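Asks: return a 3D structure for these sequence lines:
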Amino acid sequence: MDFNIEIIGLIAATLTTASFVPQVYKIWNTKEVENISLSMYLVMLTGVFLWLTYGVLIDSISIILANIVTAILVCMIIFFKFRYKK
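Replies: Numbers count the residues shown, from 1 in each chain. Reported below is the predicted structural model:
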């Protein structure tokens, strides 16, 4: 794959993956999960695993790395949803 295209992918992956960090941080600090949609994050996790599979099949490091990190962050949110549920 063209290296310049992969750089664009890495930048995009960094930005979109980083967008989950504030949510994880907020839940971790406040322990508040009442307004977090479990179904949304379960659908998101399914999509992330499909993107990860796609990235492996086309050998795209940006897609693979982004979706591994995103899967971890989404799994943390789902874990917190169950752990801090009232």
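Asks: thought K86 was touching E34, still the case?
Replies: Yes - judged on C-beta atoms under 8 Å, E34 makes contact with K86 at a distance of 6.9 Å. Heads up, the C-betas are built off the backbone N, CA and C, glycines and all.
Asks: secondary structure element holding L65?
Replies: According to DSSP states H and E, L65 maps onto helix 61-83.
Asks: please save the CA atoms from that helix in CSV.
Replies: Output of helix 61-83 as CSV, limited to C-alpha atoms (Å, rounded to 0.1, in the frame of the first residue of the first chain):
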residue,chain,number,x,y,z
ILE,A,61,-1.5,-1.0,9.7
SER,A,62,-3.6,2.2,10.3
ILE,A,63,-6.9,0.3,10.2
ILE,A,64,-5.5,-2.5,12.4
LEU,A,65,-4.0,-0.3,15.0
ALA,A,66,-6.9,2.1,15.2
ASN,A,67,-9.4,-0.7,15.6
ILE,A,68,-7.4,-2.6,18.3
VAL,A,69,-7.1,0.6,20.4
THR,A,70,-10.7,1.5,19.7
ALA,A,71,-11.9,-2.0,20.7
ILE,A,72,-10.0,-1.6,24.0
LEU,A,73,-11.6,1.7,24.7
VAL,A,74,-15.1,0.6,23.7
CYS,A,75,-14.7,-2.6,25.9
MET,A,76,-13.7,-0.3,28.8
ILE,A,77,-16.9,1.7,28.3
ILE,A,78,-19.0,-1.4,28.2
PHE,A,79,-17.2,-2.8,31.3
PHE,A,80,-17.8,0.5,33.2
LYS,A,81,-21.4,0.4,32.1
PHE,A,82,-21.9,-2.9,33.9
ARG,A,83,-19.6,-2.1,36.9
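Asks: helices and strands around it, which ones?
Replies: Applying 3 or more C-beta pairs under 8 Å, 6 or more residues apart in numbering; DSSP states H and E, we find helix 61-83 packed against helix 3-18, helix 21-30, helix 38-58.
Asks: appreciated, that's everything.
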